[in-house]
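# my questions concern the predicted model and sequence given below.
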Amino acid sequence: MSYIKLFALSILFFSVPQVYAQTIPNDLKIWFNHPASNWNEALPVGNGRLGAMIFGDVQSERLQLNEETIWSGKPMDFINPQSKAALPEVRKLLFEGKCAEAEKMAQSKIIGERPDWGSYQTLGDMRLDFEYGAGQEVSNYRRELNIETAIATTVFTIGKVTYTREVFSSKPDEAIIVRLTANQPASLTVTVNLSRLGNKALIENAAAAITMSEHVNNGVGVKLFARAKLVNLGGKVGFGKEGVRIEKADTVLIFFTASSDYWGVDPAALTQTQMDDASGKNYEALQKKHIDDYQKYFKRVDLDLGTGEAAYFPTDSRINAIQNGNTDPNLIKLYYQFGRYLLISSSRPGDLPANLQGIWSDGLSAPWSADYHININIQMNYWLAETTNLSELHEPFLKFIDALRDDGRKTAKEMYGIKGVVAHYTTNPWHITGTSGQARWAMWPMGMAWSCQHLWEHYLFTGDKKYLADLGYPVLKEAAEFCAGWLTENPVTKQLVSGPSISPENSFKTKDGKVATMVMGPTMDHMIIRELFQNTIAAGKVLGTDAAFQKKLAALLARLAPTKIGKDGRVMEWTEEFEEPEPGHRHISHLFGLHPGSEITQQKTPELMAAARKTIDFRLANGGGHTGWSRAWIINFFGRLQDGEAAYKNLVALLQKSTLPNLFDTHPPFQIDGNFGATAGITEMLLQSHAGEIQLLPALPAAWQKGFIHGLVARGGFYIDIDWEAGKLTRVKILSKLGNACIVRYGDKVITFKTEKGKAYSMNGLLQ
Ligand code: FUC
């Protein structure tokens, strides 16, 4: 490190400024001493569906608003009518090694015409324009998001008046609530208005109320309706075309409700009911209900990794310091819990799943439409759900997978002439399952099969047989039916392979030096299908149903092309060893079996474990991990490889290279999967349960000498507290919710015991 950097760090970390030194730093706050100069510095609140990014400007506050169903587009079909007939021809060309011809044919005869299938859109903006006495200085500015209460607060002083703004998005009251206060009476003069990009929304201002409505995208999309209501204590209210103006009030409350017709409801009527309910209540009662509701989820997990003086500094300075080589265990705790905060705030039962940006997105056309990319991204959003004790919040994704079935069944039949359900690399709230675009990323029919892993895992964590019978198994079965019909025999090896398909979104060089992507049998497809078949068999057995189908799947499994190790010792990504034009590619699909799958473990497959290590090292040596989500996946890989130092190094790299000032993950631009993936990765470092046993502290880095994590969940229904000191386990408590037998590993020590439902166990034998 250069002397300049060292000097800067020593100023930052060894002279704690007086203003902060008096207060004990709250380590669950993201905070700044300046307003947001752009969206990446604004602070997110959300109740699962209704969200806001808060900028905190003194003069003109902006709340950029979102509602999860504000999508342009509509359900649509883009199946290529030639697909079914072309399938055997494309396969034949690929088996003959004619990759370029096959790709060309697939592009014109299998892939559909790309329609405009819509995008997630901003709901609009709420502006609060304030009037203060002239010529007075602003001092003591601070804005923060308290992720322990899910409340954003902005405080500053002008002259002698201290102003406070509080904002939260309440699930129980289905409203965003803003409270403006000042410590002197009659100090609040503010004009509030709503607006929407495109200037097509109908906005009507009345006394203390604003409504906004639009049929988005010129009628191709949802109909939205939003309402704001202002309630003032003291002062007087007026309105005009600029909005609603409140003059010289003591306190102002703003209630905001919004909805669309996506779920078949009348949004004007619904938002009116929500408004009447919320605005009739007392602020303190609303806030308490919000905090209780939020903390019901949030408080289930507590992490401590130690603290340092960096905790006294604003979040953006701490990110800068990490970029300059400082260590900040407390920031990692904040980042970890922020991942849980974001899931609680963007994925509640009954909602749509969290999209590529959770629910927070500006503009009318988001990057990748903020869609549900099912070739890793949305799955990554939910990796943390079960392990970090947020199982109920997995539900929106599980129900969404189920809701894909109607379209997926039609696509399987019409595109490929196969029974069962299929989905390709992406989907959206219109439940598209066909594929269109460039074959090099679109020719991948495994999105449904991968998503099904979540259905089985939810059962493993909860033991909920009713859920398995009603929702999980029927989907697993139909996805397995598709894969059973999709697999085809390689004429040379006689093994079953998947194809035409790609290894998401990677390419290779053919023998004649051309860049190609399509093959018969990318490794990832087989890893996904193997787990899908195994999980479907296991689920059928739990439910005591479909024995003949289980037999059929078992027979197919025996013939499925196995995972192979190449001459250089790496896991092979394709059936042949090809030269790779982009050896540091962001997708590391052929390690699906290491994570999130469980084909590759130290106990079962030590050779593959060693090959996985080489695979990941090679990717990193060639510039891998350059998107936030890719880096987050790598943390999970190293967790599974039980290499705490490498996992930690990549976690630090994520904070250094792919984290925005407000702690949002960046692709770039902002993409939320890396936030969720990193929280999942840190969890994998501390607890694993995918290999048939619970492993404590499998990848603890030297940087975390002392700490604890309480409230994690392991497969089999175990709720676990772990404490450690000097890098060694000092306490463990396992609560058995389901009464399953338990195998616990710490290092080389393994304890096996029976458990009783509801009883807690402390395994002192592991500590000696
Ligand atoms: C995948 C990735 C891209 C991006 C997109 C949303 O296809 O390859 O990097 O994250 O999803």
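Yep, it's here. Just so it is clear, the structure is predicted and the values come from calculations on it, not from any experiment.
# now for the strand or helix carrying Q64, which elements pack on it?
Element membership for Q64, per DSSP states H and E: strand 60-67. Contact partners of strand 60-67 among helices and strands, from 3 or more C-beta pairs under 8 Å, 6 or more residues apart in numbering; DSSP states H and E: strand 50-54, strand 124-131, strand 175-182, strand 223-233, strand 251-260. The way it works is simple: take the backbone N, C-alpha and C, and place the C-beta from them, glycine included.
# got the angle for it vs strand 50-54?
Strand 60-67 and strand 50-54 meet at an angle of 150 degrees, taking axes from the mean of the first three to the mean of the last three C-alpha atoms, to 10 degrees as the criterion.
# before we move on, back to that, include mean neighbour count and distance to T563 when you put the helices and strands packed on strand 60-67 into JSON lines, please.
Below are these laid out as JSON lines (neighbours: other C-beta atoms under 10 Å; distance: least, C-beta to C-beta, whole Å):
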{"stretch": "strand 50-54", "mean neighbour count": "26", "distance to T563": "41"}
{"stretch": "strand 124-131", "mean neighbour count": "19", "distance to T563": "49"}
{"stretch": "strand 175-182", "mean neighbour count": "23", "distance to T563": "49"}
{"stretch": "strand 223-233", "mean neighbour count": "22", "distance to T563": "48"}
{"stretch": "strand 251-260", "mean neighbour count": "25", "distance to T563": "45"}
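# residue contacts, the spatially closest residue to D665 that is not a sequence neighbour?
The shortest distance from D665 to any non-neighbouring residue, by C-beta to C-beta, 6 or more residues apart in numbering, is to G674 (3.1 Å). Residues near G674 by C-beta atoms under 8 Å, 6 or more residues apart in numbering: M380, T627, G628, W629, R631, A632, L654, S658, D665, T666, H667.
# ok, which pair from these is furthest apart?
Spatial extent of these (C-beta to C-beta) is set by the pair M380 and T666 at 14.6 Å.
# between those two, which has more neighbouring residues?
M380 (24 against 18; other C-beta atoms under 10 Å).
# that one and G677 touch, don't they?
Yes. The criterion here is C-beta atoms under 8 Å, and M380 meets it with G677 at 4.4 Å.
# hey, what's in contact with both of those two?
Contacts common to M380 and G677, judged by C-beta under 8 Å, 6+ apart, are W629, A632, W633.
# report the mean confidence score over the helix or strand harbouring the first one.
Looking back up the chat, that one is W629. Assessed by DSSP H and E, W629 sits inside helix 628-640. For helix 628-640, the mean per-residue pLDDT is 98.
# and the next element down the chain from that helix?
Following helix 628-640 in sequence order, the next helix or strand is helix 644-657 (DSSP H and E).
# quick check: angle from that next one to helix 628-640?
Inter-element angle recorded for helix 644-657 and helix 628-640: 170 degrees (by the same axes, to 10 degrees).
# can you report how many residues neighbour Y719?
The number of residues packed around Y719, counting by other C-beta under 10 Å, is 17.
# give me every residue in the stretch 601-750 of the chain lying close to the ligand.
Residues of the stretch 601-750 of the chain lying close to the ligand by C-beta under 6 Å from any ligand atom are T627, W629, H667, Q671.
# switch the cut-off to 8 Å
Residues of the stretch 601-750 of the chain lying near the ligand by C-beta under 8 Å from any ligand atom: T627, W629, S630, H667, Q671, D673.
# mind putting the residues you listed into TSV with neighbour count?
Shown next, in TSV, are those (neighbours: other C-beta atoms under 10 Å):
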residue	neighbour count
T627	20
W629	29
S630	24
H667	20
Q671	26
D673	28
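# check what pLDDT N26 gets.
Reading off the model, N26 has pLDDT 70.
# count the residues that sit near it.
Around N26 there are 13 other residues, counting by other C-beta under 10 Å.
# again, but for A85
Counted with other C-beta under 10 Å, A85 comes out at 11.
# give me the distance between the nearest residue to it once chain neighbours are set aside and V90.
Nearest residue to A85, sequence neighbours excluded (C-beta to C-beta, 6+ apart): K109, at 7.6 Å. Distance from K109 to V90, counting by C-beta to C-beta, to the nearest Å: 8 Å.
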